[in-house]
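1. Attaching a predicted model along with its sequence, questions to come.
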Amino acid sequence: MKLLYLHPIKTAVAIFLFFSISLTVRSTTLTAGDLLFTGYFSNGSTTDEFSFVLLVDISGTTVINFTDNAWLSTNVFRVGEQTVTWTYTGTLVAGREIRISGPSAGAATAILFGGSSGNTIIGACSGAMPSFATSGDQIIAYSGTVGSPTLIAGLHMNVYSTDIGQCNNTTAASWDPTCITENANYSRMPLGLSAGTSALWIGTEGVGASEQDNGRFNCTGPLLTVAQLRTAVTNSANWTVSNVAPPNMTLPTGCDYMNLNLTLPLQLLSFEGTEQERQVTLKWQTAYEENHNHFEIEKSADAIHFTKGGRVEAQGGFSYLVTNYQYQDHLPLQGANYYRLKMVATDGRFEYSSVIKVTYNNAGRTLFVSPNPAVTHVYVSTREGRFSEVIISSYTGQIVAKQKLISGYQKIDVSLLAPGQYIITVAGDAEKVTEKLMIFR
């Protein structure tokens, strides 16, 4: 029999490479319209700014270039101006808004909007902040290299017009006319971008005075879906503009894109429940947390009256990575169970998640009591319809509550009972089934 000998160093390297490759998160490939610009300030004294909103989820390492170099009629970038490159490793969901700002042609900083303490630096910026000309300019987003770019989005803030003696008009569809000698203000519509989907021009065709130094989307909606967001943001009528220096408005816009509702320092990605043997397992994910304290799991039999069923502590601090949580309900009701999360920040603010329904069907169990422990009331349900009344008694056998069991399901008020241990019994003509019940205040 032959023995196989493995070189220890080569084997270790191979294992390392295998796990390194296996654990690599695939980066998102951005294409035209996967982000849209939501703001542009060229009149901020020494500081220029722009903001954008994501229309797709991103993960892995994302690299986006932003430049005020024009797109020429020869379908290449003009050279000589600035490009800032934003690099971010992690996950962000569609609807997140980011502002990039800095001294003209200087170092830039990226800020993620949302959270209880305001906005947070996210990712790293290299290169130089675009130096937007107050006489007209543009911002274009692309990935890849300047020689072989994948164009993602564009915002044009320049106006040429026949009413001021120029050869033709700037338009939303084509941007600046080809009869103009190419210059630092000028740009054609970048190849692959289009008005209404991935690019926007701020101006009025044939009106030279419509050129503006500053502009921002004014949150006119609806903004619940990607399609609604795209339609709203690429409509110049939904933008507020000015030539005031410094700008009399701020970036980012802070709009509630995609119903993320970032007033609470948490972004809930998903919340779901599954039936398992003798329990219901709830799982949820967050993609952003800042000073978030805990989650309270609330439960209902009718989707109207909810009681607290448990508590899960948050990871604490600040995180913009995906975090997974779960909770087991060991006493689900027979039939429909409705759950929601009460998401509580460290300062006491809270919001509720949407309500989910989990149907529990355990043939091996007859009596279901929930919540247990109880505070003010309990729900009692049975699989069979042969039980006619429910009885609560002390551990010494004294009956403290009794009522009819209607259709195998009953809500019982226990608010007047003293905290402690009890026995809950469902009884029929010739059968009784019991469970322990704990009441606390």
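-> Now that the structure is in, tell me what you want to look at.

2. which SS class is Thr31?
-> coil (DSSP: H, G, I helix; E, B strand; the rest coil).

3. Name all residues that make contact with it.
-> Counting by C-beta atoms under 8 Å, 6 or more residues apart in numbering, Thr31 touches Thr150, Ile152. Using the backbone N, CA and C atoms, a C-beta is placed for each residue, glycine as well.

4. if I look at it, how far off is Gly196?
-> 16 Å (C-beta to C-beta, to the nearest Å).

5. Next: Leu321.
-> For Leu321, the distance to Gly196 - C-beta to C-beta - is 34 Å.

6. Any stretches of the stretch 251-400 of the chain with poor pLDDT?
-> The stretch 251-400 of the chain contains residues with pLDDT under 70 at 261-265, 277, 362-365, 383-385.

7. So which residues of it form strands?
-> 266-276, 279-290, 292-300, 307-313, 318-319, 323-329, 335-345, 350-352, 356-360, 367-370, 377-382, 387-394, 399-404 (DSSP state E, counting those that start in this stretch).

8. For the fourth one, enumerate the helices and strands it packs against.
-> Strand 307-313 sits against strand 292-300, strand 323-329, with contacts defined as 3 or more C-beta pairs under 8 Å, 6 or more residues apart in numbering; DSSP states H and E.

9. What of the second one?
-> Contact analysis of strand 279-290 by 3+ C-beta pairs under 8 Å, 6+ apart lists strand 266-276, strand 292-300, strand 318-319, strand 323-329, strand 335-345 as its packing neighbours.

10. just the shortest one next, same as before
-> Applying 3+ C-beta pairs under 8 Å, 6+ apart, one finds that strand 318-319 makes contact with strand 279-290.

11. List the strands paired with the strand it packs on, with their directions.
-> Strand 279-290 pairs in its sheet with strand 266-276 (antiparallel), strand 318-319 (antiparallel), strand 323-329 (antiparallel), by DSSP bridges.

12. looking at those strands, which is buried most?
-> Across the strands paired with strand 279-290, averaging neighbours per residue (mean count of other C-beta atoms under 10 Å) puts strand 266-276 on top, at a mean of 17.

13. by how many degrees do that strand and strand 356-360 diverge?
-> Strand 266-276 and strand 356-360 meet at an angle of 10 degrees, taking axes from the mean of the first three to the mean of the last three C-alpha atoms, to 10 degrees as the criterion.

14. got the contact list for strand 266-276?
-> Under C-beta under 8 Å, 6+ apart, the answer for strand 266-276 is 93, 96, 114, 260, 280-290, 292, 314, 322, 332, 337, 339, 341, 343, 345, 351, 353-354, 356, 358-361.

15. Pull the CA coordinates from that strand and hand them back as CSV.
-> This file holds the C-alpha atoms of strand 266-276, laid out as CSV (Å, rounded to 0.1, in the frame of the first residue of the first chain):
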residue,chain,number,x,y,z
LEU,A,266,-30.5,51.3,12.1
GLN,A,267,-31.3,49.9,8.7
LEU,A,268,-33.3,46.6,8.7
LEU,A,269,-32.6,44.5,5.7
SER,A,270,-34.9,41.5,6.4
PHE,A,271,-37.1,40.0,9.0
GLU,A,272,-38.6,36.4,8.6
GLY,A,273,-39.8,33.5,10.7
THR,A,274,-39.9,29.8,10.2
GLU,A,275,-41.8,27.0,12.0
GLN,A,276,-39.5,24.3,13.5
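
16. what angle do that strand and strand 292-300 make?
-> Using the same axes, to 10 degrees, strand 266-276 lies at 40 degrees relative to strand 292-300.

17. Bridged to Thr89, which residues?
-> Judged by DSSP bridges, the bridge partners of Thr89 are Thr61.

18. wait, what's in contact with it?
-> Gly60, Thr61, Thr62, Gly123.

19. If we use 10 Å, what do you get?
-> Contacts for Thr89 (C-beta atoms under 10 Å, 6 or more residues apart in numbering) come out as Val25, Ser27, Ser59, Gly60, Thr61, Thr62, Val63, Gly123, Ala124, Leu321.

20. Closest one to Thr250 out of those residues, please.
-> Set against Thr250, the nearest of the contacts of Thr89 by C-beta to C-beta is Gly123 (20.6 Å).

21. any idea how far the residue nearest to the closest one when sequence neighbours are not counted lies from Ala110?
-> Among residues not flanking Gly123 along the chain, Tyr88 sits closest, at 3.3 Å (C-beta to C-beta, 6 or more residues apart in numbering). As judged by C-beta to C-beta, Tyr88 and Ala110 stand 8 Å apart.
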